[in-house]
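*Asks:* structure here, sequence nowhere to be found:
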């Protein structure tokens, strides 16, 4: 299974619908609304979508999708 970065996990927490397919749909819909200057978010979203396509539903269910926002940064 591809390891997700902290930023990828945080994005997944925001768009978590409870299922892998639901998250893919939510991220895809969000991606369509990004502006060209939002390249960093576009790249992050594409990375998450690519990794989600490679994992099974069982592996998705094992992910701990709790935000890890460091407010001290």
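*Replies:* Perfect, thanks for sending it. Quantities reported herein were computed from a predicted structural model and do not represent experimental measurements.

*Asks:* longest helix of this structure?
*Replies:* Using DSSP state H to define each element, the chain has its longest helix at helix 39-54.

*Asks:* identify all contacting residues around that one.
*Replies:* 1-2, 4-5, 7-8, 11-12, 20, 23-24, 27-28, 30-31, 34, 60 (CB atoms under 8 Å, 6 or more residues apart in numbering). (Each C-beta comes from the backbone N, C-alpha and C, glycine too.)

*Asks:* please apply the same query to stretch 11-28.
*Replies:* Residues contacting stretch 11-28 (CB under 8 Å, 6+ apart): 4, 30, 44-45, 48-49, 52-53, 55, 57, 60, 63, 65-67.

*Asks:* just the mean pLDDT for stretch 62-73, thanks.
*Replies:* The average of the pLDDT scores along stretch 62-73 is 74.

*Asks:* what do you get for stretch 6-24?
*Replies:* On average, stretch 6-24 scores 95.

*Asks:* about what we covered before: type out the PyMOL command that picks the buried ones from the contacts of helix 39-54.
*Replies:* Remark: buried members of these, expressed as a PyMOL selection using 16 or more other CB atoms under 10 Å:
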select buried, resi 4+8+11+12+20+23+24+27+60
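
*Asks:* among the contacts of helix 39-54, which are located in helices?
*Replies:* 7, 8, 11, 12, 20, 23, 24, 27, 28, 30, 31, 60.

*Asks:* from residue 37, how far out is the fourth one?
*Replies:* Per CB to CB, to the nearest Å, residue 12 is found 23 Å from residue 37.

*Asks:* same question, the third one
*Replies:* Counting by CB to CB, the gap between residue 11 and residue 37 amounts to 18 Å.

*Asks:* still on that earlier bit, and the longest helix of the chain, how far from the chain's centre?
*Replies:* With CA atoms, centre = their mean, to the nearest Å as the basis, helix 39-54 stands 7 Å off its chain's centre.

*Asks:* in it, what's buried?
*Replies:* 44, 45, 47, 48, 51, 52.
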